[in-house]
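Visitor: generate a structure from the sequence data that follows.
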Amino acid sequence: MIGKTETADTIEVTVSRTDFAHNLFCRDIRNPEGYGIRIIHAAALVETSDGKVVFGRMSDHTANPLRYQLCGGGIDDRDIRDGVFDLDHNTKKELREELGIDVDDTQRVLAFAPAYFKEGGPREKMSVIYRVTLGETAAGYMKRYETFAEGFRKSGEEPEFCEIVAFDRNGDELFSFLAREDLHFDEYMRPLFEYIAKIRD
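Guide: Numbers count the residues shown, from 1 in each chain. Okay, the predicted model is just below:
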């Protein structure tokens with residue numbers, strides 16, 4: 001990220017090209033002087049019809065093994081449309097690949113739109129969080145996810161998430177889970193859940 005411009009209605013971020021090796025290098029040694037990067041990424045907050053939020057724990061073979069995070073991934077050249085990164089395209093792709101959710105299935109997905117923006121934290125990362133509302137309960141989604149994950153295993157692969165969890169978005173159980181010291185979470189998750197707990201019933 002090399003620049004940011006805000007108006008009352010928009011946030012425009014200018015980026016420069018790097019690669020995943022640079023990202024891992026900066027992550028592991030905390031953005032050394034002269035080599036640091038600032039990441040912008042998109043993620044999806046999936047909510048079920050019974051008021052639960054869904055997220056997962058990354059599998060061993062991923063770049064962030066065993067870390068809990070929302071569905072989402074890095075932005076790359078496949079997401080560029082007319083010189084601009086298409087975050088809708090990126091997030092839809094990640095939802096299909098990681099959670100088996102097709103946003104274009106309007107009978108299943110009731111809403112899909114960017115909803116939250118967070119920046120700051122230890123790495124000054126920018127997170128664009130999409131809100132995805134499903135027309136199915138958490139139990140119904142979990143059943144469909146297991147079928148989706150089993151398809152990977154039958155082909156000799158492992159899904160991106162080794163575990164999927166669902167919690168009431170305003171519940172004490174969610175915040176007790178986030179407070180566990182033996183678990184690792186992406187840095188945007190606690191502020192996001194604290195915020196949505198305040199603004200919605």
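Visitor: hey, let's count contacts and neighbours off CA atoms from now on
Guide: OK.
Visitor: quick one: the helices in this structure?
Guide: According to DSSP state H, the chain carries its helices in the segments 20-29, 87-94, 138-154, 172-178, 189-199.
Visitor: and E47, which of those is closest to it?
Guide: helix 138-154 (8.3 Å; C-alpha to C-alpha).
Visitor: give me the low-pLDDT residue ranges for the chain?
Guide: 1-2, 23, 26-37, 200-201 (pLDDT under 70).
Visitor: most centrally placed residue in it?
Guide: Nearest to the mean C-alpha position of the chain, by C-alpha atoms, centre = their mean, lies A43 at 2.8 Å.
Visitor: for it, which non-adjacent residue is closest in space?
Guide: Closest residue in space to A43, ignoring its immediate chain neighbours: G72 at 4.2 Å, by C-alpha to C-alpha, 6 or more residues apart in numbering.
Visitor: do the same with L174
Guide: Here the residue nearest L174, using C-alpha to C-alpha, 6+ apart, is F167, at 5.6 Å.
Visitor: how much space between the one you found and D88?
Guide: 25 Å (C-alpha to C-alpha, to the nearest Å).
Visitor: and for D19?
Guide: Using C-alpha to C-alpha, D19 is found at 21 Å from D88.
Visitor: still on that earlier bit, show me what contacts the residue nearest to L174?
Guide: Listed by C-alpha atoms under 8 Å, 6 or more residues apart in numbering, the contact partners of F167 are 52-54, 173-174.
Visitor: same question for T5.
Guide: T5 sits next to 11-13 when contact means C-alpha under 8 Å, 6+ apart.
Visitor: now do the contacts for the residue nearest to E97 when sequence neighbours are not counted.
Guide: Distances taken as C-alpha to C-alpha, 6+ apart place E160 nearest to E97, at 8.0 Å, with adjacent residues excluded. Listed by C-alpha under 8 Å, 6+ apart, the contact partners of E160 are 58-59, 61-62, 97-98.
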